[in-house]
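Participant: everything below, folded, please.
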Amino acid sequence: MSIINKKPSQLAPLTLAYIGDGVYELFVRTRVIEENENMPAHKLHKKTVQYVKAHSQSNSMEALMDTLTEDETAVFKRGRNAKSNTVPKNANMMDYRRATGFEALIGYLYLSEDTERLKLIMNIAYENALDK
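Facilitator: Numbering: from 1, shown residues only. Next up is the predicted model:
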């Protein structure tokens, strides 16, 4: 059972994406601070945004696709294909949908309490988020 009263697989994909967004944002903030301890807060924020924006999360998914299990791929696709009432502000629709799938995957792993797998996926995502 999960930290909530339902199995993560029973939750709506946009609910998984909602929690995944927060989990990944906190992970990135922590990594950015570890790498830039003495940076002013506004610069830390700008650096963090570079990793958590839709385009960067889409880049991360490209790097992750071949490493996902069958279940993880299914969760990603559920998130990617979920109908959202939100229109992306600074992203194209493909990046936005892939980012939603990525966030759903992160939420799923977090709520499944699969800490080791979650850390691995988030570290790979972080290392591959920025355009080369």
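
Participant: now do the residue nearest in space to the middle of the chain against residue 54, distance only.
Facilitator: The chain has residue 103 as the residue nearest its centroid, 3.5 Å off, counting by C-alpha atoms, centre = their mean. Residue 103 is 10 Å from residue 54, where distance means C-beta to C-beta, to the nearest Å. C-betas here are computed from N, CA, C, even on glycine.

Participant: got it, and residue 84?
Facilitator: 12 Å.

Participant: before we move on, what about residue 46?
Facilitator: Distance from residue 46 to residue 54, by C-beta to C-beta: 16 Å.

Participant: tell me which of the two has more neighbours.
Facilitator: The neighbour comparison of residue 46 against residue 54 (other C-beta atoms under 10 Å) goes to residue 54, with 22 against 12.

Participant: so what's the more buried one scoring on pLDDT?
Facilitator: Here the pLDDT value assigned to residue 54 is 95.

Participant: cool, residue 132 as well?
Facilitator: At residue 132, pLDDT is 62.

Participant: which strand or helix spans residue 61?
Facilitator: Assigned by DSSP states H and E, residue 61 belongs to helix 54-64.

Participant: what's the first helix or strand after that helix?
Facilitator: helix 70-81.

Participant: pull the distance from the next helix or strand after that following helix to the chain's centre.
Facilitator: Later in the chain than helix 70-81, the nearest helix or strand by DSSP H and E is helix 93-111. On the basis of C-alpha atoms, centre = their mean, to the nearest Å, helix 93-111 sits 5 Å off its chain's mean C-alpha point.

Participant: same check, this time on stretch 28-46
Facilitator: 18 Å.

Participant: what's the span of it, first residue to last?
Facilitator: Terminal residues of stretch 28-46 are spaced 12 Å apart (C-alpha to C-alpha, to the nearest Å).

Participant: and the lengthiest helix in the chain, what does it pack against?
Facilitator: Counting residues, the longest helix in the chain under DSSP state H turns out to be helix 13-35. Counting contacts by 3 or more C-beta pairs under 8 Å, 6 or more residues apart in numbering; DSSP states H and E, helix 13-35 packs against helix 41-52, helix 70-81, helix 93-111, helix 115-128.
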